[in-house]
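In: A structural model of the following input is requested.
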Amino acid sequence: MLQRNHTGLLVIDIQGKLARLVDESETLIANTARLVQGVQALGLPVVWLEQNPPKLGATVPELQPLQAGSPVLPKFSFGALGEPGVAAALAETGVSHWLVCGIESHICVYQSVLGLLGSGARVSLVTDAVSSRDPANRALAIGQLAARGAALTSVEMCLYELLGDCRDPAFRDILALVR
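Out: Sure, this is the predicted structure:
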């Protein structure tokens, strides 16, 4: 079960032209925005990663306003923990359970999740907020990650799990996001 005091969100590489080339890119971006806003309403840490930003560009403009107050970290290794700065930043959060979203499912998301699992972290892959250029690669990555220990969730499912109770002060904010 997701618990707020142990959970954070890792947003992987939703940037530049590549974000427009993945399958159902508009849905991916919209779901990621809802996920980030919900996690922020719950007061959880968000860490943003950008793969080789000089070549691939920055996070897409639709998501950039949501980055305020959160670390945006460059990386060049496909797996997040391959970068000492990223590994240190993730460790500093004190988070032991990461929600993960981003692109591409079968490359950077896949290798980052395996690295997190290998480090002892728990991971919940937000399946409606991950994508790849080829839907078959997305499906393959989700299946492989589930088989290797990642929990599968959706934007709405994880937000309500973190919320836990309709009397929570964040309930109305979450409700507005998922309606």
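
In: Longest helix in the chain, please.
Out: If you go by DSSP state H, the chain has its longest helix at helix 25-41.

In: Within its sheet, name the partner strands of the helix or strand just after that one and how each one runs.
Out: The helix or strand immediately downstream of helix 25-41 is strand 46-51, counting by DSSP states H and E. Strands flanking strand 46-51 in the sheet, each with its direction: strand 7-12 (parallel), strand 72-75 (parallel) (DSSP bridges).

In: Strand 46-51 vs helix 25-41, what angle?
Out: 140 degrees (axes from the mean of the first three to the mean of the last three CA atoms, to 10 degrees).

In: who's in contact with the lengthiest strand in the chain?
Out: Secondary structure of the chain per DSSP state E: the longest strand is strand 122-131. Taking contacts as CB atoms under 8 Å, 6 or more residues apart in numbering, the residues outside strand 122-131 that touch it are 2, 22-25, 27-28, 31-32, 35, 96-105, 109, 113, 116-117, 138, 141-142, 145-146, 149-155, 158. (Glycine included, C-beta is placed from N, CA and C.)

In: Just give me the neighbour total for the nearest residue to Val39 once chain neighbours are set aside.
Out: Nearest non-adjacent residue to Val39, counting by CB to CB, 6 or more residues apart in numbering: Leu9, 4.6 Å away. Close neighbours of Leu9, defined as other CB atoms under 10 Å, add up to 26.

In: ok, back up a step: tell me which residues in the longest helix of the chain are buried?
Out: 25, 28-29, 31-41 (16 or more other CB atoms under 10 Å).

In: other SSEs contacting it?
Out: Applying 3 or more CB pairs under 8 Å, 6 or more residues apart in numbering; DSSP states H and E, we find helix 25-41 packed against strand 7-12, helix 18-21, strand 46-51, strand 97-103, strand 122-131, helix 155-163, helix 171-178.

In: Measure how it sits relative to strand 97-103, angle-wise.
Out: Going by the same axes, to 10 degrees, helix 25-41 makes 150 degrees with strand 97-103.

In: and Gln144, what is it in contact with?
Out: Listed by CB under 8 Å, 6+ apart, the contact set of Gln144 reads Tyr110.

In: Now do the helix or strand hosting it against strand 97-103, angle only.
Out: Assigned by DSSP H and E, Gln144 falls within helix 135-147. If you take the same axes, to 10 degrees, helix 135-147 sits at 170 degrees to strand 97-103.
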